[in-house]
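Visitor: for reference, the sequence and a predicted model appear below.
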Amino acid sequence: MPLSHLAKMEYHYRSLNLLEIGFSSYDPGYMKSPLWKRIRRRVFKRDKGRCVLCGVKRPKMEPHHLSYSVAILLGKRLSEIQLLCPDCHQRIEGDYGPNKRAPSEAREEFFRIKKNRRRYTRLPRRCRV
Ligand SMILES: [Zn+2]
């Protein structure tokens, strides 16, 4: 999968951080770990099983890391992990092929969508279609 230079650099940085906390890979290493299972459970509970961007509940929800520092990977900064439905996840990551965004770009996209969504929900009821 050809990735942008930025994406490659950021995924390399993730690998180094994972090595520092004892994982030799993201998937399956980290993703199959009891640590990630615990973090996942806490994120599901906090977000009540709903996508934080569109509000849907789906059988397969996807907690998304907004960045990959050691503290975040260890679950010490839970605000940087947000529950998303597969559609919103794909929307912020770009497609999963060559146009996949770097984590920092996906993070920007996440906050852009979240900000616009908040503006929408603040409208008085009569303005909604
Ligand atoms: Zn969604």
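Guide: All right, it came through fine.
Visitor: list the buried residues of stretch 84-98.
Guide: Applying a neighbour-count criterion of 16 or more other C-beta atoms under 10 Å, one finds 84-85, 88-89, 91-94 buried in stretch 84-98. (Each C-beta comes from the backbone N, C-alpha and C, glycine too.)
Visitor: could you work out the end-to-end span of it for me?
Guide: Start to finish, the residues bounding stretch 84-98 are 22 Å apart (C-alpha to C-alpha, to the nearest Å).
Visitor: that one - what's its average pLDDT?
Guide: Taken as a whole, stretch 84-98 has a mean pLDDT of 89.
Visitor: try stretch 48-62
Guide: Across stretch 48-62, the per-residue pLDDT values average to 96.
Visitor: kindly report the same for stretch 18-28.
Guide: Mean predicted confidence for stretch 18-28 is 97.
Visitor: name the nearest of the buried residues of stretch 84-98 relative to residue 3.
Guide: residue 94 (10.5 Å; C-beta to C-beta).
Visitor: isn't the closest one right next to residue 108, touching?
Guide: No: counting by C-beta atoms under 8 Å, residue 94 stays clear of residue 108, with 11.7 Å between them.
Visitor: hmm, back to that, can you narrow the buried residues of stretch 84-98 to ones near the ion?
Guide: Among the buried residues of stretch 84-98, the residues lying close to the ion (C-beta under 5 Å from the ion) are 85, 88.
Visitor: quick check: the farthest pair among the buried residues of stretch 84-98?
Guide: In the buried residues of stretch 84-98, the most distant members under the criterion C-beta to C-beta are 85 and 94, with 16.2 Å between them.
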